[in-house]
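A predicted structure for the sequence below; I have some questions about it.
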Amino acid sequence: MQNFSCKPVPELVPELTEGCAPRCRGKDMSAPLIACENLVKIYKVADLEVVALQGLDLDVQAGEMVAVMGASGSGKSTQLNILSGLDSPSAGRCVVANYDVTQLTPAQRLRYRRHVVGYVWQQSGRNLIASYTVAQNLDVPLWAGAITGKAARRRISELLEGIGLAGTEEKYPAQLSGGEQQRVSLAVAVAHRPAVLLADEPTGELDSATARQIIQLIRQFQQQSNLTVIVVTHDVAVAAMADRVVALRDGRTSTETVRRAAWDGNALDDEQFAQAALTAATHDELIVVDRVGRLQLPRDVVEALGISGRVNLHRAADHVELWPYHPAPQPKEEVQ
Ligand code: ADP
Ligand code: MG
């Protein structure tokens, strides 16, 4: 049995061991690989302040695949930008694989981005360098991760085989279809064997069949190397492939939908994928109570029960009930 240490990943030589996530799992197996606490992000635009995250908590275990859903503007990309080390929060704490990403020095940020995380964006134009061949694109993260020469060439062939694009080393992105480009983008994101893969709507511009290929490849990489994955998506079928779906509302986690059974590892066909859903038969939808006891009630419940402002809380032995608050009418004073 290998003796994994809990040191930050960059202190280890990437070529020497397979996969990076297991190295990040140290003595405390219950500690999450990603732990974000009370993240706040405020963007200042001229005199206006936009609150993109307002006290977001998120824990993700090593090897877990989490989908993040939410209306446009709910803070999904902001959260991913913070996790990728591209942006800093205005307040709060976020630790990823022993790196506090809210307090990285420039040198640590560089190491973190080169070794710990890989990312895929929606537009493959943002993922790949158009003037580089497929092999050169794959070589960028390998070189940054100090994987060169024979080891790099071996890794490039292995990756291209893994995504079903063996022999495309000398092609340029423009010579590939949109789906093929996104497969290469995914290979670039995992080439240096990061502990964490962050994907922001990676299937947003793809048809359902191609989206299925991408998400299944992500699942495959995740299973092979115990990769921890956070994927932002609007597609319920993509979310249904995850272990857990976190819904953001107004910059906070509102609900979590958890798979009842672990993914069986079987590939879905196009029809099964198109019908995949987060139903009560396969998933449990739960409301998230944050560290200080706050929760968000689902909007339909709030509207249907006319809950607003204050509620009455009835505490029972093992549960609580919330009742809409209707103040008792005051007796009218007798007019003399
Ligand atoms: P999502 O990815 O869920 O659509 P974002 O994280 O992109 O949401 O945005 C959350 C909020 O923050 C939105 O109101 C958006 O307009 C605002 N926002 C995001 N990035 C910036 C920025 N660079 N400057 C100003 N406001 C921003
Ligand atoms: Mg976004």
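On my side now, so go ahead. Numbering: from 1, shown residues only. Ligands and ions are numbered 1, 2, ... in the order given.

Enumerate the residues of this structure near ligand 2.
Contact residues (CB under 5 Å from the ion) of the chain with ligand 2: 76-77. No exception for glycine: its C-beta is placed from N, CA and C like everyone else's.

Where does pLDDT dip in the stretch 1-150 of the chain?
Applying pLDDT under 70 to the stretch 1-150 of the chain picks out residues 1-29.

ranges for the helices of the chain?
21-24, 76-83, 106-111, 124-127, 134-144, 149-162, 178-190, 208-225, 236-239, 270-275, 299-305 (DSSP state H).

Turn those helices into JSON lines, columns for mean neighbour count.
Converted to JSON lines, the helices of the chain look like this (neighbours: other CB atoms under 10 Å):
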{"stretch": "helix 21-24", "mean neighbour count": "22"}
{"stretch": "helix 76-83", "mean neighbour count": "23"}
{"stretch": "helix 106-111", "mean neighbour count": "13"}
{"stretch": "helix 124-127", "mean neighbour count": "17"}
{"stretch": "helix 134-144", "mean neighbour count": "20"}
{"stretch": "helix 149-162", "mean neighbour count": "16"}
{"stretch": "helix 178-190", "mean neighbour count": "23"}
{"stretch": "helix 208-225", "mean neighbour count": "19"}
{"stretch": "helix 236-239", "mean neighbour count": "22"}
{"stretch": "helix 270-275", "mean neighbour count": "13"}
{"stretch": "helix 299-305", "mean neighbour count": "11"}
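
Excluding residues flanking it in the chain, which one is nearest the residue in the stretch 1-150 of the chain that ligand 2 sits nearest to?
In the stretch 1-150 of the chain, the residue that lies nearest ligand 2 is residue 77 (3.2 Å; CB to the ion). Closest residue to residue 77 apart from its sequence neighbours, by CB to CB, 6 or more residues apart in numbering: residue 200 at 5.6 Å.

give the contact list for that neighbour.
76-77, 80, 119-122, 232 (CB atoms under 8 Å, 6 or more residues apart in numbering).

Surely residue 160 and residue 167 touch.
Yes. Residue 160 sits in contact with residue 167 when judged by CB atoms under 8 Å, with a separation of 7.4 Å.

Are stretch 186-198 and ligand 1 in contact anywhere?
No. Using CB under 6 Å from any ligand atom, stretch 186-198 stays clear of ligand 1, coming no nearer than 12.5 Å.

Relative to residue 57, how far out is the residue nearest to residue 77?
According to CB to CB, to the nearest Å, residue 200 and residue 57 sit 20 Å apart.

give me every residue that touches residue 283.
Taking CB under 8 Å, 6+ apart as the criterion, residue 283 is in contact with 240, 245, 257-260.

mind putting those residues in a markdown table, pLDDT, distance to residue 63 and neighbour count included?
Listed next are these as a markdown table, based on pLDDT from 0 to 100; distance: CB to CB, whole Å; neighbours: other CB atoms under 10 Å:
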| residue | pLDDT | distance to residue 63 | neighbour count |
| --- | --- | --- | --- |
| 240 | 91 | 19 | 23 |
| 245 | 96 | 17 | 24 |
| 257 | 91 | 19 | 21 |
| 258 | 88 | 15 | 14 |
| 259 | 85 | 14 | 17 |
| 260 | 83 | 18 | 9 |
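
any idea which of those residues is closest to ligand 2?
residue 245 (16.2 Å).

Which residue, other than its chain neighbours, is closest to that closest one?
Residue 245's closest residue in space is residue 257 (CB to CB, 6+ apart), at 4.2 Å.

Run through the bridge partners of that neighbour.
Per DSSP bridges, the residues bridged to residue 257 are residue 245, residue 285.

can you pull the contacts of it?
239, 244-245, 247, 278, 283-286.

at 6 Å what do you get?
245, 278, 283, 285 (CB atoms under 6 Å, 6 or more residues apart in numbering).
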